[in-house]
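K.L.:
Provided below for reference: sequence and predicted model.
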Amino acid sequence: MKRLVISLCLAVIAATACAKEGSYVELKGHRITIEFAEDEAAREYGLMNRTEMAADHGMLFVFENDEPRAFWMKNTKIPLDMIFIDKDRRIVSIKHDAPPCVTARCPAFMSEGPVRYVLELNGGQAARLGLTAGDELIVHR
């Protein structure tokens, strides 16, 4: 089965992220199916050009080091919550309801400290789940 998933992932355009079968995160007891953006191309493309995302889905951006991160919504067509998470998998800060941006100039949204991960969820999902700074992200691969 893993071979099939890897083959399918390789068939996807290089700039898109790949979901690993059965991968999810837990936040405050809630399970969210995720796609990983682990390389530069996948992180750059992110959730661009999507017109919808299931309520229980998201994308986890993974970086090699800890530093303040800035994210923007270029060519993103759905509002998103950006959850900035440190190396210990604790929420540092949340940008709620970042608006879609399809213009050439889009604002950047900064983390409030060094982070290693950024989880993007549908806009409003962080508030619905009651997420706050200090909450722990549990990753299941």
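P.N.:
Perfect, thanks for sending it.

K.L.:
pairing partners for the lengthiest strand in the chain, with directions?
P.N.:
Secondary structure of the chain read by DSSP state E shows that its longest strand is strand 57-67. Paired neighbours of strand 57-67 in the sheet (DSSP bridges): strand 30-37 (parallel), strand 115-122 (antiparallel).

K.L.:
run through who's touching the last one.
P.N.:
When contacts are taken as CB atoms under 8 Å, 6 or more residues apart in numbering, the neighbours of strand 115-122 outside the stretch itself are 25, 32, 34, 46-47, 53, 55, 57-63, 65-69, 71, 78-87, 89, 92, 111, 137. From N, CA and C alone the C-beta is placed, and that goes for glycine too.

K.L.:
repeat that for the first one.
P.N.:
Contacts to strand 30-37, defined as CB under 8 Å, 6+ apart, come from residues 17-20, 23-26, 42-43, 45-46, 54, 56-62, 119, 121, 129.

K.L.:
what's the most buried one of the strands paired with strand 57-67?
P.N.:
strand 115-122 (a mean of 23; mean count of other CB atoms under 10 Å).

K.L.:
give me the number of residues near the nearest residue to residue 34 once chain neighbours are set aside?
P.N.:
The shortest distance from residue 34 to any non-neighbouring residue, by CB to CB, 6 or more residues apart in numbering, is to residue 60 (4.8 Å). For residue 60, the number of neighbouring residues by other CB atoms under 10 Å comes to 22.

K.L.:
okay, and the beta partners of residue 60?
P.N.:
When bridges are assigned using DSSP bridges, the partners listed for residue 60 are residue 36, residue 119.

K.L.:
pLDDT below threshold where in the chain?
P.N.:
Across the chain, the stretches falling below the confidence threshold (pLDDT under 70) are 1-21.

K.L.:
tell me where it has strands.
P.N.:
Listed in chain order (using DSSP E), the strands of the chain are 24-27, 30-37, 57-67, 70-72, 80-85, 91-98, 108-110, 115-122, 137-140.
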